[in-house]
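# Could you work out the structure for the sequence below:
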Amino acid sequence: MYKKLCLAIVVLLMCLTPIAANDWISFGYDYTHHAFVTDESDFVTNLWTFNFGSPIFSSPAISNEYLYLSSSNGQLKSIDMEEGRENWSFDLKSDTNASPIVSNGTLYIGSEDSFSAIDVDSHKLIWEHSTSAPISSSAYLYENIVYVGCDDGHLYGFDNDTGDVKFDVDLDGKLQSSPIVVNDTVYIGSSNGKLYAVGVDSKNVDWEYTTGDSVYSSPAYGDEKIFIGSTDGNLYAINESNGSLVWKADLNNKVFSSPTIDEHDNNVFIGSDEGNLTCLDIRDGTVKWSHSVGSPVQSTPALKENLVAFTSNGGSAYVLNKYTGLEEFSYNPGTILFNSPITSSPVINGNSLFISGNDGYVYSLNIDKHEVPASVFLYYSIAVLCIILVVAIVVIKKFRK
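Numbers count the residues shown, from 1 in each chain. Predicted structure coming up:
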């Protein structure tokens, strides 16, 4: 009887304990850049805000219940994901817009003049490689080589343990697109308007596809195609093996956003400067729906179950039903009066949604219950409104006299 009671208690505790969520290790969630959380975790953090003190353009990475991200002044921080408290801080000693990746206890990130590997436990520098130009994109780890693009036009590959250069291919333009590796081929976009396919072993350009304008969007892979946006206003689906165009879709304005793939439902989601988040069929580019928010959408959407989350330059975060494009809820931390663009991409862990903005704050939301933290700008907004009201009363009284 006693053993059965103990067993029952253990089972009950297991049922009550939240299921741990998968880590969001890099830009685009994983090494396919799908940004699609498929685990069934019910883990959720508290609602909180964290003040970085300077604008944030990078997107967070998540590992072992810690959030890692950097601000424009070069401060890299580890934040306790549940409570929103700083765990540690590391000074990169130069500005950065790059998003970190975390793998096996090591964080990799670029900056204005270098690429660094940092131990997340000791928060000490493991190695650093100086570069002649900024690294603005997120890196990609494949078979012990960390691939990353640089504004000097080089696609670099560093040994993940030592930082030695193992791969260096000189491409044209600024490489601010985050690379992806599929079937021993590195795919990356360039400001010269091209999508490159470079062999991992040969270090040769296997093929290149030329779009109509610069490519700052990062490629995603699905359905044997490479998807990428261009500032010519189109989303392209390119055959991965030979670089031929499968289809392209006109999104009516520049595309800085990167595509998110849902192969289960044959969907690709992407934003544009037209102010829309658009869902298309990955097979032929047919538009399934498009949701307008009135300001450019340059972030990469994140998916969980039947929801799609994204941010806008108008300063709001949105969560839509991925099948209909209808809004589930939205969050405007600037309360309109103090709006600041949110160009970094949201990340999801369990039922928690994390966003970071140009206002220098990180926000934790509950995507399941549609709960959001109180805006840090709420009291400022109330004060401004009160001042406006007082001034209006004074003016009205003056004219009545």
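# switch to C-alpha atoms for all contacts and neighbour counts from now on
Will do.
# SS state for K398?
Under DSSP: H, G, I helix; E, B strand; the rest coil, K398 falls in the helix class.
# Could I get the pLDDT score of it?
Per-residue pLDDT puts K398 at 72.
# Where does A392 sit, in terms of helix or strand?
A392 belongs to helix 378-400 when assigned by DSSP states H and E.
# Three-state assignment for A197, please.
Looking at A197 with three-state DSSP, the answer is strand.
# number of nearby residues for the nearest residue to it once chain neighbours are set aside?
Spatial nearest neighbour of A197, excluding adjacent residues (CA to CA, 6 or more residues apart in numbering): Y187 at 4.7 Å. Y187 has 25 neighbouring residues, counting by other CA atoms under 10 Å.
# name the helices or strands packed onto whichever strand or helix holds Y187?
Element membership of Y187, judged by DSSP H and E, is strand 185-189. On a contact count with 3 or more CA pairs under 8 Å, 6 or more residues apart in numbering; DSSP states H and E, strand 185-189 meets strand 180-182, strand 194-199.
# so how far is it from its chain's centroid?
18 Å (CA atoms, centre = their mean, to the nearest Å).
# Could you do stretch 79-93 as well?
18 Å.
# that older thread, quick check: the gap between the residue nearest to A197 and G149.
10 Å (CA to CA, to the nearest Å).
# shared neighbours of these two, anything?
P179 (CA atoms under 8 Å, 6 or more residues apart in numbering).
# So W247 is in contact with D281, correct?
No. Using CA atoms under 8 Å, W247 is not in contact with D281; the gap is 10.6 Å.
# where in this protein is pLDDT low?
1-42, 336, 377-390, 394, 400-401 (pLDDT under 70).
# Strands of the stretch 151-300 of the chain, residue ranges please.
Listed in chain order, the strands of the stretch 151-300 of the chain (DSSP state E, counting those that start in this stretch) span 154-159, 165-170, 180-182, 185-189, 194-199, 205-210, 220-222, 225-229, 234-239, 245-250, 260-262, 267-271, 276-281, 287-292.
# Which among those is found nearest to I56?
strand 267-271 (19.4 Å; CA to CA).
# Buried residues, that closest one. List them.
N267, V268, F269, I270, G271 (16 or more other CA atoms under 10 Å).
# Out of the residues you listed, which is nearest to L326?
F269 (14.0 Å).
# Contacts only, for that closest one.
By CA under 8 Å, 6+ apart, the contact list for F269 reads P259, T260, I261, L277, T278, C279, L280, P301.
# which residues does it form a beta bridge with?
T260, C279 (DSSP bridges).
# phi, psi of the residue most central in space within the chain?
Centroid-nearest residue in the chain, with CA atoms, centre = their mean: S345, separated by 3.1 Å. S345 adopts backbone torsions of phi -90, psi 140, taken as degrees, to the nearest 10.
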